[in-house]
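**Q** just a sequence and a predicted model for now, questions to come.
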Amino acid sequence: MSMHVIGATALNSGQPLGAQVLAILRARIIRGDLTPGARLSEAGIAAELQISRQPIREAFIKLADEGLLEIRPQRGTVVPKISLRMVDDARFVREAIEADVVKIAAQEFDAARIATLDRLLLEQSHTDSVEGFIALDDQFHRHLAEGVGRSHAWHVIEALKAQLDRVRYLSVRQFPKDTLVEQHASIVDAIRTHDPALAEAAMRTHLSAIISDLPKIAAERAEFFEPQP
């Protein structure tokens, strides 16, 4: 295993080490920095960070629960390929939750909350960074959930969408961001006109788009995906 799994990232001694290791490894897998088949070891990462193996072991277990690592007894720990089934399950749950969230937002959002959505849209249209765009995308959807008092619903989505996020990084690199910005703009316009049905339809269109793009992404980046029947 490479001794640069973490890279130049420094840990903060004032924060829980396990949470930091989890966040760093999770981000590197989701971004595709650690590709399918990459082998990780507790001992190697512990030596790289000069910490004990316990927080690394805890991070590995949590990542395995999210489908981002496979812990194979006697054979090591590896980054798995993307499961299209897990991607579709995450999309299904996310769409179900966010379709209801945006209907409520269309009824309840005031001018100040809509102004925040407009600001996020503007920032999305101006960023050229994949990481920056996805961070802003998450802020957009989080603002909708928190704005209608459903912050826990967003935490549920975050816990489920790890595999979906891996595809998002591949798709943002491959497909124009303008399409995603336009979809977000349609959602905001429906909220602005207080039209719950239109807002729901716009959200479902937005969240189902990645599934329609998925066969092309999987074909062109086959090394990232589990073989399909």
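**A** All right, it came through fine.

**Q** for the spatially closest residue to K177 that is not a sequence neighbour, grab the count of nearby residues.
**A** The shortest distance from K177 to any non-neighbouring residue, by C-beta to C-beta, 6 or more residues apart in numbering, is to F133 (5.7 Å). The way it works is simple: take the backbone N, C-alpha and C, and place the C-beta from them, glycine included. Neighbourhood size, F133 [other C-beta atoms under 10 Å]: 20.

**Q** tell me if I'm right that F133 and T179 touch.
**A** No: contact criterion C-beta atoms under 8 Å: F133 and T179 do not qualify, at 11.9 Å.

**Q** so where do the helices sit in this protein?
**A** 17-30, 42-49, 54-65, 84-108, 111-126, 130-147, 151-160, 162-174, 177-192, 196-220 (DSSP state H).

**Q** out of those helices, which is closest to T77?
**A** helix 54-65 (5.8 Å; C-beta to C-beta).

**Q** that closest one: how far from the chain's middle?
**A** 19 Å (C-alpha atoms, centre = their mean, to the nearest Å).

**Q** mind listing what the most centrally placed residue in the chain touches?
**A** Ranked by distance to the mean C-alpha position of the chain (C-alpha atoms, centre = their mean), the top residue is D165 at 3.3 Å. Shown in contact with D165 (C-beta atoms under 8 Å, 6 or more residues apart in numbering): I30, I134.

**Q** for E223, same thing?
**A** T35, P36, K81.

**Q** let's see it at 7 Å
**A** Residues near E223 by C-beta atoms under 7 Å, 6 or more residues apart in numbering: P36.

**Q** what do you get for I56?
**A** V21, E42, I45, A46.

**Q** got the phi/psi numbers for the residue of the chain most remote from its centre?
**A** Distance from the C-alpha centroid of the chain, by C-alpha atoms, centre = their mean, peaks at Q74 (30.5 Å). Backbone torsions of Q74, given as degrees, to the nearest 10, read phi 70, psi 0.

**Q** pull stretch 212-221 out as CSV, backbone CA atoms only.
**A** In CSV, the C-alpha atoms belonging to stretch 212-221 read as follows (Å, rounded to 0.1, in the frame of the first residue of the first chain):
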residue,chain,number,x,y,z
SER,A,212,-30.5,8.5,-16.8
ASP,A,213,-26.8,9.4,-17.2
LEU,A,214,-25.6,6.4,-15.2
PRO,A,215,-25.3,3.9,-18.1
LYS,A,216,-23.0,6.2,-20.1
ILE,A,217,-20.9,7.0,-17.0
ALA,A,218,-20.6,3.3,-16.1
ALA,A,219,-19.7,2.4,-19.7
GLU,A,220,-17.0,5.1,-20.0
ARG,A,221,-15.6,4.6,-16.5
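
**Q** buried stuff in it?
**A** D213, L214, I217, A218, R221 (16 or more other C-beta atoms under 10 Å).

**Q** how close does the nearest residue to the last one once chain neighbours are set aside get to K216?
**A** To tie it back to what came earlier, the one meant is R221. Distance criterion C-beta to C-beta, 6+ apart; nearest residue to R221, sequence neighbours excluded, is L170 at 5.5 Å. Counting by C-beta to C-beta, to the nearest Å, the gap from L170 to K216 is 10 Å.

**Q** for A105, same thing?
**A** 31 Å.

**Q** now R72
**A** Distance of R72 to K216, given as C-beta to C-beta: 31 Å.

**Q** D128 too?
**A** Taking C-beta to C-beta, one finds D128 at 23 Å from K216.

**Q** and for H152, the neighbour number?
**A** 10.

**Q** find me the pLDDT at it, would you?
**A** Per-residue pLDDT puts H152 at 94.
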